[in-house]
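>>> Take this sequence and fold it.
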Amino acid sequence: MAALEKPARKLEAQPLYARVKGALVERLISGQWKPGAMLPSEFAIAAELGVSQGTVRKSLDEMTAQGLLVRRQGKGTFVAEAADTEILFRFYRLTRDEDEGRTATRFPDSRYLAQFQNTANEEERRIFNLPHSAKVWRIDRTRHDGAQTLLWERITLPCTLFEGLSETTELPNNVYRFYAKNFGHIVSHVNEKLKAVALREDIAPHLGLEKGTPVLEVDRRAIALDGQTIEWRVSLCRSDVQHYRNVLR
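Sure thing, here's the model as predicted:
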């Protein structure tokens, strides 16, 4: 990219640093700057875009605050990689009852139940904005803390966004880092909906509970930097041994 192009009419009200930030985020979306990659210097970016070094610094500072970049003293600025602890603190809100007041340090382990490809149903087409003939991956698994099963979940992924995924590709606990490294999809935020539901008969054995037991349903949509929904996850969580914890500021 040479000098920063003149913005479209709808962006004219945005400050220059915000337009610079948008141009830099596009490099993350396109894969030009991959997770772990070192960015050019502020001076080089400023010269390339035809803006001041201070404008670039403000844009980079905001991207760093959002967790998209990492500043390393004496080394430079790097595209952030989704470390386990970062993802845990940002997106995983379930806490064991006995751990109240203590900070979780690791993800619960996952155990695969099924992984298969199928034609998207009406709800999946709506969520991912897919045509009628589109295919999706559906991945069922349980999550555990030692011998204790904590939840059952189904992860749904559009096949068009995850080409190369197969029945033998086992997702790691930290799926967001996996999405970024292997498919270039960087999760910027998630939308969650919580609801108390009665446990379905087909899921009850996986959680060791009776059909109809009250459980917490967490409906989560993972949104990439370009605003596209890349993952739909529905988790049925035991509420007798854990709770959903969030800190509002």
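>>> Helices of this structure, residue ranges please.
Using DSSP state H, the helices of the chain run over 16-30, 42-49, 53-65, 84-91, 122-128, 175-183, 204-207.
>>> can you list the residues that contact the shortest one?
Helix 204-207 has contacts (Cβ atoms under 8 Å, 6 or more residues apart in numbering) with 113, 142, 149, 151, 152, 199, 210, 211, 213, 215, 236, 238. Quick note: C-beta positions are derived from backbone N, CA and C, even for glycine.
>>> contacting residues around the residue nearest the centre of the chain?
The centroid of the chain falls nearest to residue 187 when counting by Cα atoms, centre = their mean (3.6 Å). Residues in contact with residue 187 (Cβ under 8 Å, 6+ apart) are 82, 91, 176, 179, 180, 222, 223, 224, 230, 231.
>>> of all these, which comes closest to residue 159?
residue 230 (11.8 Å; Cβ to Cβ).
>>> Kindly state the beta-bridge partners for the residue nearest to the centre of the chain.
residue 224 (DSSP bridges).
>>> Next up, phi/psi of the nearest residue to residue 183 once chain neighbours are set aside, please.
Counting by Cβ to Cβ, 6 or more residues apart in numbering, the nearest residue to residue 183 once its immediate chain neighbours are dropped is residue 162, at 5.7 Å. Per-residue torsions, residue 162: phi -130, psi 50 (degrees, to the nearest 10).
>>> what's the domain layout of this protein?
9-79, 84-244 (automatic domain parsing).
>>> In CSV, list those along with mean pLDDT.
Converted to CSV, the domains of the chain look like this (pLDDT from 0 to 100):
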stretch, mean pLDDT
domain 9-79, 86
domain 84-244, 88
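>>> Which positions in stretch 224-237 come out as buried?
224, 225, 229, 230, 231, 232, 233, 235, 236, 237 (16 or more other Cβ atoms under 10 Å).
>>> Could you single out the nearest of those residues to residue 118?
For the buried residues of stretch 224-237, the nearest to residue 118 is residue 232 (13.7 Å; Cβ to Cβ).
>>> which residues does the closest one bridge with?
Bridge pairing for residue 232 - DSSP bridges - gives residue 156, residue 221.
>>> Alright, calling it a day.
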